[in-house]
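Visitor: Coordinates for the following, if possible.
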Amino acid sequence: MFENAEKSNEKTIRHAELELLTAALNQVSAGGCGQLVELIGEPGVGKTQLLSALTSEATSRQATTLTARCVNPERAGRFDPFLLALAAQGVPLGRLIHKIKSSRQEPCDSPIGNSLHLRCGFEELKREIARQAAHGTLVLVLDDFHHADVHSIGLVEHLVLAPIPDVLVVIAHRTRQASARLRDALAHGNGLGTVRSIQLGAVNLEQAAELLGLPQEDRVVGELHRASGGIPGYLLELARIRANGETAGAMASGRQWSALMSELTPLSPEESAVLSAAAVLGDLFDMEALSHVSGFTPEQVAGAVSTLMRADLIRPVDRPPAYSLRHPVVRSMLYARSDPAWRIAAHRRALHLLTTRGAPVEAQMAHVESLLGQSDPGDIPLFVRAAEEAIAAHPSSAVRWMRAALRLSLLHPHERHSRLDLAHTLARSLIAVDRVTEARDALREALFTAPPGPASDRAPAAVLCAQLDWLLGNRTEAQSLVEGELPTAEGSTAGDTVTLTVTRQLVGGLQGDDQAFREAARCVRLARDLRDPVGEAGALALLATHEASVGDSPAALATLGACTAIVDQLADHELVGAIEYPALLGWAQCSLEQYTEARRQLQRAECLARSAGRRHLLPFILIGLGKTHLAIGPLKKARQSADEGLRLARELGSQHLTALAIAVQSACVMAAEPADAQALRLAEIATATLPVDEPLWRADCAMSLADAAIESGDPLRGTALILDIGGGPGLSALPRAKRPDCFELLTRASLRVGDVLQAERWAARAAYAADATGLASHRAIASVARAHVLTAQRQLEKALHFYRTAAELFSSVTLTRAQAQVLVSAAACALALNMFRETASMLALGKELARRTGASATSRRAAEQQRMMEDISSRTRSGQDVDPLLSVLTAREYEIASIASEGKRTKEIAQQLNLSARTIETHLSHVYRKLGVSSRAALASMMAQFIRQGRGAS
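Guide: This is a model prediction of the structure:
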């Protein structure tokens, strides 16, 4: 790679510009006239290579070429570039200089120094140049003319007005460094037509590839082109540095380095130090920063910056900070040139200034990195502040910096008192890069090796360590750790007692336990006595969770109201250290029908966790959001939250949160497509993934699997799962808040196997459980269970009443998707009762609600029933026999439904039709979904009702 880069230093890739120069040469050669060409461009843009190509072309045409390069004007003599060019051609300078000095005086427009006139040798120099062109065309090339002395500029002014015949003068300069007098003279010549200007800009990607000797599509070409800004000299320098391993030593060599060093030679030590300070500060800086880093006064810095701007080493920019170096490559070379020990001190001063200013972490990163391995104990606060800001956006850097801070604290024993804080910040950084086990280990080591201290020093590390142990499935270790810290907290501050107690109950999965209940209530009192609103919010959220678990809904709702009022008054920065509190509040609100509020609290917790780098809390928060969206819609957002929660739980290594996220995914599939086999597969994976000793969410996974099993045609499995997790028919092993849903599942499962009497018992228990909690959603679920049974008993009028009641109750707590489902079921009853207007009204609302929430299966059911209604209405009006079921069922589904309504079991139907039992169950599931029934008894009732309608119509 870059094998042609060295040769590229000697060639030009500016073919279009070379053609312009060649055209000027042709014009001078053909017409005998004289002309000036100015070549304008940035340093490194390729002016010298282009001039070299021109002289080669002129030499090939037998033209005479004179070349010279201007040097710093402070070391230049009068007419230096012209005299040096002539001397290279063999002209005796002594004789020429004598002639210039003896030439007559002429007035000069711009006196120099204290002289009013100059002894100008313009005519003598012009005559000498003309003599060199006596036998053909002469090309006079003057490079770096921005360094030219005033006498040479005066001669150019003369040549602009009176060009020398047969002479092409090419002047290359940098506009920023050229004097106003030179720029004005050349601009005047442009107007007269005696000067032609050629501006050299950045090269394009194709030219860059040619310069590097690489294919244009090569990734390296694009990278180097972007980094160099299309400046050929810098492009080649970057290619050389890359080839040499990108070391500081590689920077301190090469053609661009030599050119830069020649520019730095005239600088004073003060100016050189300010320039080095600029290189340390980076791309943008201001006067104050230069003064702070260089150690010079603002007045000294202002004078140095003025000089450096004239030298085009520092440039003003349009936006603050007010200055930048000429190019990033120049900055890198200046940085490599500075003394390493001075650089470390300069970076430290720069970092102090930036932290004082509150600069973003991106501005601090280079300075922090420079201190790694060269630090002293005073750098620990710098590392910590930078890491705190970097955790969210640059966690890998934060990890590196905090490890450096911890190493420093170990090397300096007097710093050991801060190791817990350092370990806490390191752990948060490690969490942000999914190294949860390392984070937990770092905290445990710090807690076990730290000297005894107040609970306020140990509590943050202990709480985070316990959370990580819980996340990794080490529930016992998490509880043990917190319980070991509680005695110290009890003897110090109530605030630490509250924090540790809330954490112990969270990681322990304690819900409804009497002792845990009393502890939560005590924490509320302690926090209030201490006037600690954050601690009170956490304790109230925990207490509300216990109250909801035991079914004391009025008390739980009152507690949630108090908790919400406190959390809403807290600023984000007050909650950053306790993000689990609004998350827990959101989960509690979701369990108590406050779905909109739950979504708001969980979304706030999500934003806080992301911005603060508390990645380990995100799975818990996102799963809660998924459950909330599952309840109120849309299902698309529910699935998105569950999917991200699953991804993060897996990345963090949390088995129980992985299982819970998969269970929510299964519920999302069930809500959209109840008969989708994917729902059952996901529920089975969730149950298999959940650790066997996980007490808190075992019921959720079992309920998800039972629901999927029932809908996929295996109601006996669903019943067994619920009775097992519930500890028997009374479901006493389950929290009271989960019992209504489970009794509804048992009702549905019994109806699927045709046991209407048992289904009626389960429905009665659902009503009893709902009355115990008093929640509208639970009463709605109990009404749905009762309606299922009444449909199976062919009491469609009563079933319609209970379905309508359930829809109203679901609506009162914004359970839109559930409302849509029961409206469609109610419409099926109304249709069977020939109540077309009521059917149309319920179907219209049900379809709209299903559309909003993304419940596609409910939308299809509504559409199918609408077609059935229209078919019945049409046939009734025309006097035809009514056979409405054929408008929504396939021929095979209708055949199976007819046989099933006669009371035959699956095996008998399979034998009669020569099909598998599994196929029969699948067809029956489709029939149930299309007709809005939940059992064979309900199917028989509905078919009998339609048969009666058909007879009546005929």
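
Visitor: per-domain residue ranges of this protein.
Guide: 15-201, 471-568+579-584, 629-696 (automatic domain parsing).

Visitor: could you redo the ones you listed as CSV and give each row mean neighbour count?
Guide: For glycine as for every other residue, the C-beta is placed from the backbone atoms N, C-alpha and C. Compiled in CSV, the domains of the chain are given as follows (neighbours: other C-beta atoms under 10 Å):
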stretch, mean neighbour count
domain 15-201, 18
domain 471-568+579-584, 21
domain 629-696, 21
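
Visitor: any chance of those domains in CSV, with mean pLDDT and distance to A807 too?
Guide: Shown next, in CSV, are those (pLDDT from 0 to 100; distance: least, C-beta to C-beta, whole Å):
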stretch, mean pLDDT, distance to A807
domain 15-201, 85, 71
domain 471-568+579-584, 86, 21
domain 629-696, 90, 15
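
Visitor: Tell me which of the ones you listed approaches L705 most closely.
Guide: domain 629-696 (3.9 Å; C-beta to C-beta).

Visitor: Find out how far that closest one is from the centre of the chain, if you would.
Guide: Its chain's C-alpha centre and that of domain 629-696 lie 24 Å apart, by C-alpha atoms, centre = their mean, to the nearest Å.

Visitor: With stretch 203-211 instead?
Guide: 34 Å.

Visitor: For it, which outside residues touch it?
Guide: 5, 8, 13-14, 46, 215-216, 218, 221-222, 224-225, 228, 230-232, 235-236 (C-beta atoms under 8 Å, 6 or more residues apart in numbering).

Visitor: cool, and stretch 302-314?
Guide: 43, 174, 176-177, 263-264, 266-268, 270-271, 273-275, 278, 287, 290, 296, 315-316, 323-326, 330.

Visitor: Dump the domains of the chain into TSV; add distance to Y803 as well.
Guide: Shown next, in TSV, are the domains of the chain (distance: least, C-beta to C-beta, whole Å):
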stretch	distance to Y803
domain 15-201	76
domain 471-568+579-584	24
domain 629-696	17
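
Visitor: In this structure A398 contacts A387, no?
Guide: Yes. Between A398 and A387 a contact is recorded at 4.0 Å, counting by C-beta atoms under 8 Å.

Visitor: what's the closest of the domains of the chain to T791?
Guide: Of the domains of the chain, nearest to T791 by C-beta to C-beta is domain 629-696, at 17.0 Å.

Visitor: measure that closest one end to end?
Guide: 21 Å (C-alpha to C-alpha, to the nearest Å).

Visitor: do you know how far K99 is from F122?
Guide: 12 Å (C-beta to C-beta, to the nearest Å).

Visitor: returning to that earlier point: do you know which of the domains of the chain lies nearest T596?
Guide: Using C-beta to C-beta, the domains of the chain put domain 629-696 closest to T596, at 7.2 Å.

Visitor: Setting the sequence-adjacent residues aside, check what's closest to the residue nearest to the spatial centre of the chain.
Guide: Centrality entry for the chain: nearest residue to the mean C-alpha point is A393, 7.8 Å, by C-alpha atoms, centre = their mean. Once flanking residues are discounted, A393 sits nearest to V361: 6.8 Å by C-beta to C-beta, 6 or more residues apart in numbering.

Visitor: and what of E389?
Guide: V361 (3.9 Å).

Visitor: Kindly state the pLDDT recorded for that neighbour?
Guide: Looking at V361, its pLDDT is 77.

Visitor: Also T449?
Guide: You'll see T449 listed with a pLDDT of 84.

Visitor: list the contacts for it?
Guide: R419.

Visitor: Look up how far L646 lies from it.
Guide: For T449, the distance to L646 - C-beta to C-beta - is 36 Å.

Visitor: Identify the single longest helix in this structure, thanks.
Guide: Counting by DSSP state H, the longest helix found in the chain is helix 856-878.

Visitor: Could you point out the helix or strand that follows that one?
Guide: Counting by DSSP states H and E, the next helix or strand C-terminal to helix 856-878 is helix 891-900.

Visitor: as a whole number, average confidence for that next one?
Guide: On average, helix 891-900 scores 76.

Visitor: now do stretch 617-627
Guide: The average pLDDT within stretch 617-627 is 95.

Visitor: residues making contact with that stretch?
Guide: 467, 579-580, 583, 586-587, 590, 598-599, 602-603, 605-606, 609-610, 637-639, 641-642, 644-646, 648-649, 652, 654, 657, 660-661, 664, 667-668.

Visitor: cool, stretch 530-543 as well?
Guide: 493-495, 498-499, 501-502, 505-506, 517, 520-521, 523-524, 526-528, 559-560, 562-563, 566-567, 569-570, 574-575, 577-578, 580-582, 584-585, 588.

Visitor: and if you look at stretch 716-723?
Guide: Stretch 716-723 is contacted from outside by 702-703, 705-707, 709-710, 729, 731, 742, 745-746, 748-750, 753, using C-beta under 8 Å, 6+ apart.
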